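1. Fold the following, please.
(chains A, B, C and D)
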Protein chains: 2
Amino acid sequence: MKPQTPELMTILHDRLTMAHYRLGEKLRPALLAEEFKVSPNTVREIMLRLSAVGLLEYEDQRGFRVAASSDQRLHELTEFRILLEQQGVTRSIANGGIEWEAQMTAAHHKLSHIEARIARTDDIPALLRPWNAAELEYHLSLMGAAELPILQQTFRNVYSMFRQQIITPERGYSHHGSNVAEHQRILEAALDRDASACRSAIRDHLSRNLLANAAAA
Amino acid sequence: MKPQTPELMTILHDRLTMAHYRLGEKLRPALLAEEFKVSPNTVREIMLRLSAVGLLEYEDQRGFRVAASSDQRLHELTEFRILLEQQGVTRSIANGGIEWEAQMTAAHHKLSHIEARIARTDDIPALLRPWNAAELEYHLSLMGAAELPILQQTFRNVYSMFRQQIITPERGYSHHGSNVAEHQRILEAALDRDASACRSAIRDHLSRNLLANAAAA
DNA sequence: AAGCCAAGAAATTTCAAAATTTTGCGGAAT
DNA sequence: ATTCCGCAAAATTTTGAAATTTCTTGGCTT
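-> Numbers count the residues shown, from 1 in each chain, chains lettered A, B, ... in the order given. Below you'll find the model as predicted:
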């Protein structure tokens, strides 16, 4: 029997960020253990790790719960995303070379492709996984030349929590036709090495998730 | 028998951030389990959580290791600390009121007290715990009015990793006489609501840990 | 009827051992 | 002398159940 934890970790992470469970729902290790034919402790171990990165809430002696839904939490996650992405792209513009531009362009190309497919389908959930991967890769590529791995790692975590909040049936899976144009605008500003324009484009892209649509930063 | 995990978690967290183990040292759950009279699994559970926040390195099927020491890692952690603190204090200056100023002043007062004691003693390790707590509280108070809890939580993690790198006998526990004046300068700039001066003071305070003492940001 | 307590049920935490994998070492072959 | 193989020892992962705590329910008191 091979180590099944990494695999199960991925499955749970995907479920938590792709609308498999309702926000605030209680999750019992014993039930998942039965579903996956492993011991409850193996699941518990994974869930403790997922709670350490913010996808699950954990309270001593009373188990696990999917992070609750609230406009306030989404607002905070969005603000922090904006902060990290703006700083990341600003540093990339300062440090990045041709290699950075190439990776960014490639990631944008892939993202455009999957976004076009999503616009044409009725079954968004089926495309959630590749979409999620492509958008994360694109946003990571923006800060790919910042030479600050810990910034990227932090962004991964924040991005996961953000997606968990916004990828829900109620919010229409956060699909907006304007996404394509906004991603395009961010890319162009980055390639132009216009840090200021890039920061504005990033804020505009995410601002629809803010509570009171605030001004620039 | 009462839940001993939270307590043990604190002990290990303290050890990892206060020079109890050498950086890069291998840690075996079974040994710690014997030391604390608990089961190996209980320790393993805790260590997996600590590795999720960056204090331990974990590799599948080959156990745990204290994060390795390197000037490069310290550089990155410092850069990220500067980024987070500058953004946090800038937002606090914009949002903060009298309550923020009071908390900041109180935290600085406590920090000054403990730093004065440290300057007088030969046995720095004995004061590590209160010093650690006071400095963390002070730096957190700077971003206390940013209204972005996730920024503070992220800072806690980064601060822990930073301390883990720098609080070592080899580095003299990072005790510098100039710390007092630097903390003072940051506080005054914050109270003056001078965001630009505050950002400079923060960078100057931390810049000795950067690889090539870079310019302002 | 509302509140409180106790007893049973359910869920969580801890444990110790079994199963698996990695590591270390000695001997054979090149 | 060096490399490669395989066996033994050590370490890690998984398990399933025992111990503990929290939650629920029914009955009793006010």
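2. Would you check how far apart A:H139 and chain B are?
-> Distance of A:H139 to chain B, computed by CB to the nearest CB, to the nearest Å: 17 Å. Where C-beta positions appear, they are placed from N, C-alpha and C, glycine not excepted.
3. Read off the pLDDT value for that residue.
-> Per-residue pLDDT puts A:H139 at 98.
4. where in chain A is pLDDT low?
-> Across chain A, the ranges flagged by pLDDT under 70 are A:1-3, A:213-217.
5. Tell me where it has helices.
-> Applying DSSP state H to chain A gives helices spanning A:5-17, A:29-36, A:40-52, A:71-95, A:98-120, A:124-142, A:149-166, A:179-191, A:195-206.
6. per-domain residue ranges of chain A.
-> A:5-66, A:71-209 (automatic domain parsing).
7. Relative to DNA strand D, which of those domains is closest?
-> Proximity to DNA strand D (CB to the nearest atom of the strand) singles out domain A:5-66 among the domains of chain A, at 3.1 Å.
8. For chain B, tell me whether the closest one is touching it.
-> Yes. Counting by CB under 8 Å from any CB of the partner chain, chain B has neighbours in domain A:5-66: A:5-6, A:41, A:44-45, A:48-49, A:52-53, A:60-61.
9. what does chain A have sitting close to DNA strand D?
-> Residues of chain A lying close to DNA strand D by CB under 7 Å from any atom of the strand are A:1, A:3-5, A:37-42, A:45, A:61-62.
10. Just the buried residues out of these, in PyMOL syntax.
-> Buried members of these, defined by 16 or more other CB atoms under 10 Å in any protein chain shown, are picked up in PyMOL with:
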select buried, chain A and resi 5+38+42+45
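11. Dump the residues of chain A next to DNA strand D to JSON lines, plus distance to DNA strand C.
-> Putting those into JSON lines (distance: CB to the nearest atom of the strand, whole Å) gives the following:
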{"residue": "A:M1", "distance to DNA strand C": "4"}
{"residue": "A:P3", "distance to DNA strand C": "6"}
{"residue": "A:Q4", "distance to DNA strand C": "10"}
{"residue": "A:T5", "distance to DNA strand C": "11"}
{"residue": "A:K37", "distance to DNA strand C": "13"}
{"residue": "A:V38", "distance to DNA strand C": "12"}
{"residue": "A:S39", "distance to DNA strand C": "8"}
{"residue": "A:P40", "distance to DNA strand C": "6"}
{"residue": "A:N41", "distance to DNA strand C": "5"}
{"residue": "A:T42", "distance to DNA strand C": "10"}
{"residue": "A:E45", "distance to DNA strand C": "9"}
{"residue": "A:Q61", "distance to DNA strand C": "4"}
{"residue": "A:R62", "distance to DNA strand C": "5"}
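12. Grab the most central residue of chain A for me.
-> When CA atoms, centre = their mean is applied to chain A, the residue found nearest the centroid is A:Y159 (3.0 Å).
13. My guess is that one contacts A:R81. True?
-> Yes. A:Y159 is within contact range of A:R81, at 7.0 Å (criterion: CB atoms under 8 Å).
14. So what's the gap between stretch A:62-73 and the chain middle?
-> How far stretch A:62-73 lies from its chain's middle: 16 Å, per CA atoms, centre = their mean, to the nearest Å.
15. Start and end of that stretch, how far apart?
-> End-to-end distance of stretch A:62-73 (CA to CA, to the nearest Å): 22 Å.
16. List, one by one, the residues from chain A near DNA strand C.
-> Contact residues (CB under 7 Å from any atom of the strand) of chain A with DNA strand C: A:1-3, A:26, A:28-30, A:40-41, A:44, A:60-64.
17. Once you drop chain neighbours, what's closest to A:A68?
-> Leaving aside its chain neighbours, A:A68 sits nearest to A:G24 (4.5 Å; criterion: CB to CB, 6 or more residues apart in numbering or on different chains).
18. Next: A:I150.
-> Nearest non-adjacent residue to A:I150, counting by CB to CB, 6+ apart: B:F80, 5.0 Å away.
19. Find the closest residue to chain B in chain A.
-> Proximity of chain A to chain B (CB to the nearest CB) peaks at A:A52, 3.6 Å away.
20. neighbours around A:E188, how many?
-> A:E188: 14 surrounding residues under other CB atoms under 10 Å in any protein chain shown.
21. same thing with A:F80?
-> Every residue meeting other CB under 10 Å relative to A:F80 is counted, giving 22.
22. Please look at it and A:N157 and confirm they touch.
-> No. Counting by CB under 8 Å, A:F80 sits too far from A:N157 to count as a contact (10.2 Å).
23. which residues does the closest residue to DNA strand C within chain A contact?
-> Residue of chain A nearest DNA strand C, by CB to the nearest atom of the strand: A:G63 (2.3 Å). Contact analysis of A:G63 by CB atoms under 8 Å, 6 or more residues apart in numbering or on different chains lists A:26-29.
24. If we use 10 Å, what do you get?
-> Going by CB atoms under 10 Å, 6 or more residues apart in numbering or on different chains, A:G63 touches A:26-29, A:44, A:47, A:56-57.
25. Repeat that for A:E182.
-> Contacts of A:E182 (CB under 10 Å, 6+ apart): A:176, A:201-202, A:204-206, A:208.
26. filter those to the buried ones?
-> Among the contacts of A:E182, those scoring as buried are A:201-202, A:204-206 (criterion: 16+ other CB under 10 Å).
27. Of the contacts of A:G63, which is the nearest to A:S141?
-> A:L56 (28.2 Å; CB to CB).
28. what's the distance between the closest one and A:G24?
-> Distance of A:L56 to A:G24, given as CB to CB, to the nearest Å: 11 Å.
29. So between the two, which is more surrounded?
-> A count of neighbours by other CB under 10 Å puts A:L56 above the other of A:L56 and A:G24, at 22 against 12.
30. So that one sits against A:A67, correct?
-> Yes. Assessed by CB atoms under 10 Å, A:L56 is found in contact with A:A67 at 6.7 Å.
31. List the residues that are in contact with both of these two.
-> Common contacts of A:L56 and A:A67 (CB under 10 Å, 6+ apart): A:16, A:164.
32. Nearest residue to A:C198 in space, please, no chain neighbours.
-> A:C198 sits nearest to A:A189 (CB to CB, 6+ apart), 3.9 Å away.
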